[in-house]
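[1] This is a predicted model, with the sequence first.
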Amino acid sequence: MLEPNKCRSSVTRRFEAIAARVRLGAALAFLALPLVAQTSFSPCDLNQDGTVNAADVQLAINMTLGSIPCTANIDGAAVCNVAIVQRVVNAALGGACVTGAGAVPHYVSLSWTASTSSDVVGYNLYRGSTSGGPYAILNSSLLPGTTFTDNTVAAGQTYYYVAAAVDDNNNQSTYSNEAPAAVPSP
């Protein structure tokens, strides 16, 4: 008989005891043992530590940028793109990890009235999570037109947008009126 080890779990000791009986000819006792379930992780738990959090978001970003191999299996094996990053962000914020190609992509389509100033060269668009700000800029370079699609929204969230005109001396106008957008849940 195997000697129990204090570091081993009771399931391991039980299995070893049953395995010892099997070697002694009690094969039926082994066959009656139920299977032990494997630990299951959310597909958005990219580091498989049991929690979808900022570390998983960073992994999704790195996989999408190609700085590490894409091992995600959220929208199919080895699919890493901005939609996958957003799904991991949503899960890290407490939402469900939406998987598969049938997941509903959310976006906010924005438009505004052009400035009447003759020296305007573009626009900056800002988004906040509370009415009145603070706001974070969405565009990395000036927007030449008066439309923008925000593809980085999360399901079930409300966002508040403002735009500002920028002239040829890089002076920015005051913010426009705030436009709220409530993104539906999946």
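    Here it is on my side, so go on.
[2] what mean pLDDT would you report for stretch 178-186?
    Stretch 178-186 shows a mean pLDDT of 83.
[3] and what of stretch 125-133?
    Computed over stretch 125-133, the average pLDDT equals 95.
[4] how long is that stretch end to end?
    End-to-end distance for stretch 125-133, by C-alpha to C-alpha, to the nearest Å: 13 Å.
[5] Same check on stretch 44-61?
    End-to-end for stretch 44-61, by C-alpha to C-alpha: 12 Å.
[6] who does the helix or strand hosting Val85 touch, helix- and strand-wise?
    If you go by DSSP states H and E, Val85 is part of helix 82-92. Counting contacts by 3 or more C-beta pairs under 8 Å, 6 or more residues apart in numbering; DSSP states H and E, helix 82-92 is packed against helix 54-65. C-beta here means a position set from N, CA and C on the backbone, and glycine is covered the same way.
[7] just to revisit the earlier point, next SSE downstream of the helix holding Val85?
    Helix 82-92 is succeeded, C-terminally, by strand 108-111 (DSSP H and E).
[8] What are the buried residues along that next one?
    Val108, Leu110 (16 or more other C-beta atoms under 10 Å).
[9] contacts for the helix holding Val85?
    42, 44, 46, 52-54, 56-57, 59-61, 63-64, 72, 74-75, 96-99, 103, 105, 151-155 (C-beta atoms under 8 Å, 6 or more residues apart in numbering).
[10] Among these, name the buried ones.
    Buried subset of the contacts of helix 82-92 (neighbour count, 16+ other C-beta under 10 Å): 42, 44, 46, 52-53, 56-57, 59-61, 63-64, 72, 74-75, 97-99, 103, 153-155.
[11] Give the residue spans of this structure that score low on pLDDT.
    Counting by pLDDT under 70, the chain shows low-confidence ranges at 1-40, 101-105, 186.
[12] at 90 what do you get?
    Regions of the chain meeting the criterion pLDDT under 90 cover residues 1-45, 48-52, 64, 72-84, 86-87, 89-109, 147-157, 182-186.
[13] how is it carved up into domains?
    Domain assignment for the chain by automatic domain parsing gives 1-37, 39-103, 108-182.
[14] Any idea how far apart the tips of the last one sit?
    Pointing back at domain 108-182 there. 9 Å.
[15] which of the domains of the chain sits most buried?
    domain 39-103 (a mean of 17; mean count of other C-beta atoms under 10 Å).
[16] what's Ala78 in contact with, if anything?
    Counted by C-beta under 8 Å, 6+ apart, Ala78 has contacts Cys70, Thr71, Ala72.
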